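Undergrad: sharing a model that was predicted from the sequence below.
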Amino acid sequence: MVLPALILFFSFHTLPVLQGVFFSFTNYRGFGEWDFVGFQNYINIFQDGRVYNAYGFTFQFAIVSTVLVNIISLIIALGLNAKIKFHKTLRAVYFMPNILSILIVGFIFNFIFAVFIPGIAETIGLTSLTTSILGSRDLAWVAVVIMAVWQAAAFNTILYLAGLATIDRDLYEASSLDGANKWQEFWKITFPLIAPFFTINMVLAMKNFLMVFDHVVAMTGGGPGRATQSISLLIYEDGFAGGQFALQSANAVIYFIIIVVISVFQIRILQKREVQM
C-alpha cells in the first residue's frame, strides 16, 4: 500500500528536485541544448544585485511576519480559551481566513490598500493616506506583511488552542490560591506548558514566510520596481520567463539549504529553551 504513494512522491517531488540540482551545474535555459559549467552558476548568484535585493526583502518580511503572527495568534488563542460566550462559534470564525485562497485574500487586500483606504482618506481629508502604500518602495512590504499575518494567524491560533487544551485547569486554581496574578499565571504556567507548540508555530511560520510567493503575486507583483520581489518570485520569473533556468536552479538549491539551516537552528534553540523552562 505504501509503494504507490512512494512512486507518486518520487515522481512529482524527489525527481524534479534532483533534476533541478543537476541543471544547476549546466547552462540550460529551459529549452534547447546545454553544457556543464560546474559551479559557475553558484558563483554568479553571489554577483547578482537582484538576488541580494530579493533576499533582503524576503528575510525582512519573514522575520517581521513570524513575530507578529505568533504574538497575535497567541493573544487570540488565550481569548478564545477563556470562559466566554460563543467561544466555539468564534473559533470557527477566526479559522475562516485559513481556508480562503491566498490569491483571493491578496486581491481583496490589494483593493483595500489601492482603492478603499485612499478613498476614505480623501473623504475625511487625511492626505497622508490618499496615496496607496502599494506604490511606495519603502512601504509596500508593510501591506504584504499585514495581509500575510491576517491570513496566517488562523492556523497558528488553532495550534495554540490545541496546546492550551492540554493544560490542567487545577494548576490555575492552585496558583490562584497562592495569590498569583494573570501575568504570573501566563509566564509561569501557560507559556512553559505550551512551549512545544510555540516551537512548532515559530518554525512553520518562518518556513512558510520565507517561501512567500502568492502573497506578493496578488498584492504587488514584486513591485514597485523589485522592492517586494521575494526569492521564490525571482526564481519563478527569471527561471521560467527570463531564460535563466540553470542560474535560478542554483539559487533554489542555495535557498533550500538556507531554509533547512534556519529551521534546524530554530528547533535547537527553542527546544533548549523548553528544557530551561
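TA: That came through, no problem. Predicted model only: the values in this text are computed from it and were never measured.
Undergrad: mind giving me the packing neighbours of whichever strand or helix holds Gln151?
TA: Using DSSP states H and E, Gln151 falls within helix 140-164. Where contact means 3 or more CB pairs under 8 Å, 6 or more residues apart in numbering; DSSP states H and E, helix 140-164 is packed against helix 49-81, helix 87-99, helix 102-111, helix 195-210, helix 214-219. C-beta coordinates here come from the backbone N, C-alpha and C atoms, glycine included.
Undergrad: the bottom helix or strand of this structure by mean pLDDT?
TA: Every helix and strand in the chain was compared by mean pLDDT, DSSP states H and E; the lowest is helix 87-99, with a mean of 80.
Undergrad: related to what we said a few turns ago, winner for burial among the helices and strands packed on helix 140-164?
TA: Of all the helices and strands packed on helix 140-164, helix 214-219 has the most neighbours on average by mean count of other CB atoms under 10 Å, namely a mean of 22.
Undergrad: just to revisit the earlier point, just the CA atoms of the least confident helix or strand of the chain, as CSV, please.
TA: Listed next in CSV are the C-alpha coordinates belonging to helix 87-99 (Å, rounded to 0.1, in the frame of the first residue of the first chain):
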residue,chain,number,x,y,z
HIS,A,87,-16.3,30.6,22.0
LYS,A,88,-16.9,27.6,19.7
THR,A,89,-18.5,29.9,17.1
LEU,A,90,-15.7,32.4,17.4
ARG,A,91,-13.1,29.7,16.9
ALA,A,92,-14.8,28.8,13.6
VAL,A,93,-14.9,32.5,12.6
TYR,A,94,-11.2,33.1,13.4
PHE,A,95,-10.3,30.0,11.4
MET,A,96,-12.0,31.1,8.2
PRO,A,97,-9.0,33.1,6.8
ASN,A,98,-7.1,29.8,6.7
ILE,A,99,-9.5,28.1,4.3
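Undergrad: chain center to that helix, what's the gap?
TA: Here helix 87-99 is found 20 Å from its chain centre; the criterion is CA atoms, centre = their mean, to the nearest Å.
Undergrad: relative to Ala148, how far out is the residue sitting furthest away from the middle of the chain?
TA: In the chain, Leu177 marks the outermost C-alpha relative to the chain mean, sitting 41.3 Å out by CA atoms, centre = their mean. Using CB to CB, to the nearest Å, one obtains 43 Å as the distance from Leu177 to Ala148.
Undergrad: residues touching the spatially most central residue of the chain, list them.
TA: By CA atoms, centre = their mean, the chain has its centre lying nearest to Phe209, at 1.8 Å. Shown in contact with Phe209 (CB atoms under 8 Å, 6 or more residues apart in numbering): 61-62, 65-66, 148, 152.
Undergrad: run the last query once more with 10 Å
TA: Residues near Phe209 by CB atoms under 10 Å, 6 or more residues apart in numbering: 58-59, 61-66, 69, 145, 148-149, 152, 215, 230.
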